[in-house]
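1. this one's structure only:
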Ligand SMILES: Cc1ncc(COP(=O)(O)O)c(C=O)c1O
């Protein structure tokens with residue numbers, strides 16, 4: 001039994017198991033402050049300045065891709081990448097049913113039909129067999145989303161792409177630096193899409209990047225985010241790129257923050273990786289309903305935007321996930337739940353006039369309102385749990401306290417059940 005096993009649950013007025021604080025996020029230092037000061041005083045502030053150029057080179061090297069370019073967020077990166085690899089209005093794009101709304105919206109906004117498919121119940125990545133079953137003669141691309149602390153089976157996805165002649169845009173909003181068989185997430189498919197929004201492990205507050213290996217995809221994507229200006233062959237100038245495009249540019253200030261973040265990310269990933277190994281081992285040792293998702297041995301480096309976790313109701317003595325998570329939160333163990341099924345997300349109001357959907361031929365559009373993908377439903381509704389990377393940069397003692405907090409709740413599941421039953425009875 002754990003050392004806190006005999007103390008009162010924090011939901012019932014006991015002392016929380018976790019007394020240490022986790023590291024704050026985001027983190028920046030003197031380097032960014034100095035560069036930012038120089039940029040603010042002397043410019044340039046945008047339009048492919050020196051920090052943007054340097055960042056793109058450094059990020060491409062970090063990911064292991066031939067090219068990288070900065071954009072304004074991780075939504076327009078998906079949209080731009082899909083267009084750059086050749087997705088056109090009316091094409092079908094296969095997307096997992098569990099992802100952030102942006103992945104689906106980006107494809108809808110360029111006129112594609114999004115076909116949502118089920119996920120692998122262990123990793124929550126797109127299920128390759130479900131993706132294969134959804135392929136039609138109109139399918140043009142697949143968007144594997146490497147969600148939270150796992151990667152999609154890229155061997156299976158690239159095999160599908162080869163056999164059916166499909167394009168692959170990896171959504172890497174959660175995977176800055178993860179590697180599949182030593183190849184960086186974002187360098188395996190035809191293009192990679194990254195978000196640098198504030199919660200991400202490489203951040204500039206807002207921002208995004210596209211990575212790719214093909215020169216033509218690079219040129220087209222660059223023009224699509226730069227109001228149509230494409231890089232000249234020598235890379236030194238700009239020329240009209242012949243596309244209909246928008247301004248999705250990044251700024252020098254964003255690139256200063258990103259370059260600073262890149263100087264720390266490998267060390268931070270190492271610490272997070274060690275802490276996840278400690279957490280995985282600790283939770284396995286104490287047993288109970290909560291465990292960390294199994295890591296595919298083909299992943300040679302896992303960046304942890306979050307830890308993917310599984311809650312097993314059969315081992316929870318009648319406590320459901322919401323009450324279990326609430327009891328953990330009271331102990332100071334911060335665990336969240338995954339996104340909604342994307343086809344039912346409250347922010348995904350496809351019937352509103354601002355949505356492209358009402359103007360679409362319903363025959364070409366999946367019946368999202370009546371969709372129910374079993375693994376997505378179970379993960380979102382009952383079994384999925386996530387721990388943010390913010391808990392992972394701290395000392396091992398903090399991780400040990402998290403494990404103690406879980407052990408404390410696991411030891412008292414009956415008390416948790418009774419606590420919430422009594423609460424509901426008085427409501
Ligand atoms: C999986 C996924 N894709 C895309 C995005 C969109 O990124 P952004 O918020 O930078 O537009 C996010 C944001 O959280 C995400 O989680």
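-> Everything's here; your move. Fair warning: this is a prediction, and the values are worked out from it, not measured in the lab.
2. Would you mark the buried spots in stretch 346-356?
-> 348, 350 (16 or more other CB atoms under 10 Å). No exception for glycine: its C-beta is placed from N, CA and C like everyone else's.
3. tell me which parts of this structure are close to the ligand?
-> Contact residues, the chain versus the ligand (CB under 6 Å from any ligand atom): 73-75, 99-100, 102-103, 145, 171, 173-174, 195, 197, 208.
4. Now, of the residues you listed, which are buried?
-> Buried residues within the residues of the chain next to the ligand, counting neighbours by 16+ other CB under 10 Å: 73-75, 99-100, 102-103, 145, 171, 173-174, 195, 197, 208.
5. Going by distance to residue 310, which of those wins?
-> Among those, residue 174 lies closest to residue 310 (CB to CB), at 17.3 Å.
6. Next up, the contacts around the closest residue to that closest one other than its chain neighbours.
-> When the adjacent residues along the chain are set aside, residue 174 lies closest to residue 305, with 3.8 Å between them (CB to CB, 6 or more residues apart in numbering). Applying CB atoms under 8 Å, 6 or more residues apart in numbering, we find residue 305 in contact with 148-149, 173-176, 199-201, 388-389.
7. so what does the host helix or strand of residue 326 touch, helix or strand wise?
-> Residue 326 is part of helix 321-330, with elements assigned from DSSP states H and E. Taking 3 or more CB pairs under 8 Å, 6 or more residues apart in numbering; DSSP states H and E as contact, the helices and strands that helix 321-330 lies on are helix 396-411, helix 413-426.
8. list the buried ones in it?
-> Using 16+ other CB under 10 Å as the burial criterion, the residues of helix 321-330 that qualify are 321, 323-330.
9. what angle separates it from helix 413-426?
-> Angle of helix 321-330 versus helix 413-426, following axes from the mean of the first three to the mean of the last three CA atoms, to 10 degrees, is 110 degrees.
10. Helices of this protein, start to end?
-> Counting by DSSP state H, the chain has helices at residues 30-42, 50-63, 76-84, 101-109, 128-133, 154-164, 215-225, 252-286, 321-330, 374-378, 396-411, 413-426.
11. OK, contacts around residue 184?
-> Contacts of residue 184 by CB under 8 Å, 6+ apart are 62-65, 177-178, 192, 211.
12. try 6 Å this time
-> Shown here is residue 184, whose contacts under the criterion CB atoms under 6 Å, 6 or more residues apart in numbering are 63-64.
13. Name all residues that make contact with the residue of the chain at minimum distance from the ligand.
-> Taking CB to the nearest ligand atom, the ligand has its nearest neighbour within the chain at residue 74, 2.8 Å off. Neighbour list for residue 74: 173, 195, 208 [criterion: CB under 6 Å, 6+ apart].
14. Repeat that for residue 211.
-> If you count contacts by CB under 6 Å, 6+ apart, residue 211 has them with 63, 65, 68, 186, 192.
15. Just the ones in strands from those residues, please.
-> Counted as lying in strands by DSSP state E, out of the contacts of residue 211, are 68, 192.
16. Which of the contacts of residue 211 has the largest number of neighbours?
-> Among these, residue 186 has the most neighbours (other CB atoms under 10 Å), with 31 neighbours.
17. Would you confirm that that one contacts residue 193?
-> No. Taking CB atoms under 6 Å as the contact criterion, residue 186 and residue 193 are not neighbours in contact, 7.4 Å apart.
18. what's across from the nearest residue to residue 96 once chain neighbours are set aside in the sheet?
-> Leaving aside its chain neighbours, residue 96 sits nearest to residue 126 (4.0 Å; criterion: CB to CB, 6+ apart). When bridges are assigned using DSSP bridges, the partners listed for residue 126 are residue 119.
19. Was I right to think residue 126 contacts residue 142?
-> No. Using CB under 6 Å, residue 126 is not in contact with residue 142, being 7.1 Å away.
20. Please report the distance of residue 103 from residue 127.
-> When distance is defined by CB to CB, to the nearest Å, residue 103 is 16 Å away from residue 127.
21. Check residue 390 too.
-> Using CB to CB, one gets 29 Å for the distance from residue 390 to residue 127.
22. Name the residues of stretch 391-411 that are buried.
-> Taking 16+ other CB under 10 Å as the neighbour-count basis, stretch 391-411 is seen to contain the buried residues 391-394, 398-399, 401-411.
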